[in-house]
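> make a model of this:
(chains A and B)
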Amino acid sequence: MNEPIRLAVLGAGHVGPVIARLAIKAGYAVAIATSGDPEDMALITELVIPGARPRWVSDAVADADIVVLAIPLHRFLHIDPASLGGKLVVDAMNYWPASDGVLKPFEEGGSSEIVAQRLAGSTVVKALNHIGYHELEDRARPVGASDRQAVGVAGDDPAAAAAIAGLVDRIGYDPVCLGSLRAGRVLQPGGPVFGAVLTLPEFEQAVYEDARSLA
Amino acid sequence: MTYTFGLDTFGDRNGDADGKPLSHAQTIRNVVDEGVFAEQVGVDFFGIGEHHTEYFPMPAGDVVLAAIAARTERIRLGSAVTVLSSDDPVRVFQRYSTLNAISGGRAEVILGRGSSIESFPLFGYDLADYEELFDEKAALFAELLKGGPVTWEGKTRAPLLHQDVVPHTESGPFPAWIGVGGNPQSVIRAARLGFSLALAIIGGPPARFAAYSQLFQRALEKFGRPPLPVLVHSPGHVAATDEQAKDEFWPRWQDIITLIAPERGFAIPTEESFDRETGPHGALYVGSPETVAQKIASTLRALDATRFDLKYGMPGLTHEQLMTNIELYGHQVIPRVRELLS
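Okay, here's the model as predicted:
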């Protein structure tokens, strides 16, 4: 039997626990970490994320095959890029000034491109950012379900994007690989699929129409 | 087990029978009448949520609550929520302590960041600071509630040194809750500071919040505090039949959620999503008194909660529709839920 894939979820706010629960259900070995002491997370993991292991960020990342960033974007600015060096990183964060305030470093370009620039030693894939945290579990469906929804996966490294597409598929969504982090701008707040409930054909249509309107 | 039942409003701007919006002033006067009527039909609590928009013109709920206090004797009155992050905890305490005096000890406060965030730019706060703002201010508010001189220092307001903050309450702290939308760390914070827990559930299956309720009680134990109550706040609309309630509520819900969806990250509502949310496992309490009562009873059971606050109204509904909703809630829904839970 193969060892389970090891996931480190950074962040235990609205989004992190939801992704962690979905991944545990799908058979991943999940560690969760916040900026604080894992001791303080013990109650939260026991009751809200059963099966996840609370750890220090450095330990969780060191042992992880995949690191999921589920922290507020302004906190990301305080992360030491070296701490994520060499890792496959899922950027589930959003730059959303209307909700979280203006962050100067993110004013130019796609947020995941800027994340990738700052994490030059890591491989960044954008995913799991565009379905609301309050819907992500409720909407997950097994392969082949007629109402299974699509989740966009954007990365510059095709192998990394394919790995994250596998994660998306296993937790209950049809992955749609977009060719690059830049193309992943369609997944951002204000884009055609952000907050929308779309099946695979609907998703592709929405993204296609958006790309055409930009052309 | 003692259960209590409240009604919350955001001062949703009323429409007239033809769908034309009433003035902000008339809407506010109607809220006063609605609060007074809520007491007459047996509702335990009336709450007003702070908002600063054209369709929720309700920035000074405490003033409106004072008017209701002057015309009532029994109903408890509070905020739902006060956006503490963009306010001064000292002033919030003073306003609600004054309301407590006017009403003979009937004031409460529910503190929140508020998922509506229009107050941040209005009062010159940076949204990027909201966690620090709320964390500090909630801690200061907990100190103020204890009564007696306060000594406090932080980054978000001027320090206090043995400061006596008036008016003093007559019989200890008034009830104070922290509103939480789904962040488990916020649940821990409420327990750490000794606030009761208000779960705002506005989408998806309410039963998934059961873990938050357990987390809250376990965290209270861990911090050496006695158990504190959990309340559920959810939107809804009661009319004579399920069909009538849905027909009245749906177009208003669709309009307002479509309007705020882009800035809040909500999905645009569809008839399918509305049916799911108004069904037995959704977060909207829209229907006949029996339908709504069954759903409230099952939520309170699942979450081990002892209070339910129905956020009634929606911009565009008429004052008459809201009064009917209040009457049915007080005379039929509340007694039926009590019966189901007994």
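
> got the buried residues for stretch B:52-70?
For stretch B:52-70, burial by neighbour count (16 or more other Cβ atoms under 10 Å in any protein chain shown) applies to B:52-53, B:55-58, B:61-62, B:64-69. Backbone N, C-alpha and C define where each C-beta goes, glycine included.

> so which of those belong to helices?
B:61-62, B:64-69 (DSSP state H).

> returning to what we had before: from the buried residues of stretch B:52-70, pick the one nearest chain A.
Lowest distance from chain A to the buried residues of stretch B:52-70 (Cβ to the nearest Cβ) belongs to residue B:53, with 13.5 Å.

> which bits of the stretch 201-342 of chain B sit near chain A?
Proximity of the stretch 201-342 of chain B to chain A, by Cβ under 8 Å from any Cβ of the partner chain, involves residues B:203-205, B:208, B:211-212, B:214-215, B:218-219, B:222, B:261-268, B:270, B:273.

> Produce a PyMOL select command limited to the buried residues of the residues you listed.
Selection of buried members from these for PyMOL, criterion 16+ other Cβ under 10 Å:
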select buried, chain B and resi 203+204+205+208+211+212+214+215+218+219+261+263+264+265+266+267+273
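
> surely residue B:27 is in contact with residue B:11?
Yes - judged on Cβ atoms under 8 Å, residue B:27 makes contact with residue B:11 at a distance of 6.1 Å.

> identify the contacts common to these two.
Listed as contacting both residue B:27 and residue B:11 by Cβ atoms under 8 Å, 6 or more residues apart in numbering or on different chains are residue B:57.

> tell me who's in contact with residue B:241.
Residue B:241 is in contact with B:287-288, counting by Cβ under 8 Å, 6+ apart.

> could you rerun that using 7 Å?
residue B:288 (Cβ atoms under 7 Å, 6 or more residues apart in numbering or on different chains).

> show the model's pLDDT score for it.
With respect to pLDDT, residue B:241 has a value of 98.

> any idea how far it lies from residue B:313?
For residue B:241, the distance to residue B:313 equals 19 Å [Cβ to Cβ, to the nearest Å].

> hmm, the helix or strand of chain A with the lowest mean pLDDT in reach of chain B?
Least confident helix or strand of chain A, by mean pLDDT, DSSP states H and E, is helix A:97-100 with a mean of 78. Yes - under the criterion of Cβ under 7 Å from any Cβ of the partner chain, chain B is reached by helix A:97-100 at A:98-100.

> out of these, flag the one nearest to chain B.
residue A:98 (4.4 Å).

> quick one: the closest one and residue B:117, what's the gap?
Noted for residue A:98: a distance of 8 Å to residue B:117, by Cβ to Cβ.

> the two: who's more crowded?
Neighbours per residue, other Cβ atoms under 10 Å in any protein chain shown: of residue A:98 and residue B:117, the larger number sits with residue B:117, 22 against 14.

> three-state assignment of that one?
At residue B:117 the chain is in coil, as set by DSSP: H, G, I helix; E, B strand; the rest coil.

> that one contacts residue B:129, correct?
No - using Cβ atoms under 7 Å, residue B:117 is not in contact with residue B:129; the gap is 11.9 Å.

> show me what contacts residue A:110?
Listed by Cβ under 7 Å, 6+ apart, the contact set of residue A:110 reads A:181-182, A:184-185, A:188.

> contacts for stretch B:172-191?
Stretch B:172-191 is contacted from outside by A:12-14, A:17, A:44, A:48, A:133-134, B:81, B:96, B:100, B:107-112, B:115, B:138, B:145-147, B:195-200, B:212, B:215-216, B:219-220, B:223, B:225, B:231, using Cβ under 7 Å, 6+ apart.

> phi first, then psi, for residue A:183.
Main-chain torsions, residue A:183, degrees, to the nearest 10: phi -60, psi -20.

> how about it: what's its closest non-neighbour residue?
Computed as Cβ to Cβ, 6 or more residues apart in numbering or on different chains, the closest residue to residue A:183 that is not its neighbour in sequence is residue A:154, at 5.7 Å.

> roughly how far does residue A:108 sit from residue A:117?
Residue A:108 is 11 Å from residue A:117, by Cβ to Cβ.

> can you pick out the residue with more neighbours from those two?
Here residue A:108 and residue A:117 are compared on neighbour count by other Cβ under 10 Å; more neighbours surround residue A:117, at 13 against 8.

> would you agree residue B:11 falls within a helix?
No - Residue B:11: not assigned to a helix; according to three-state DSSP it is coil.
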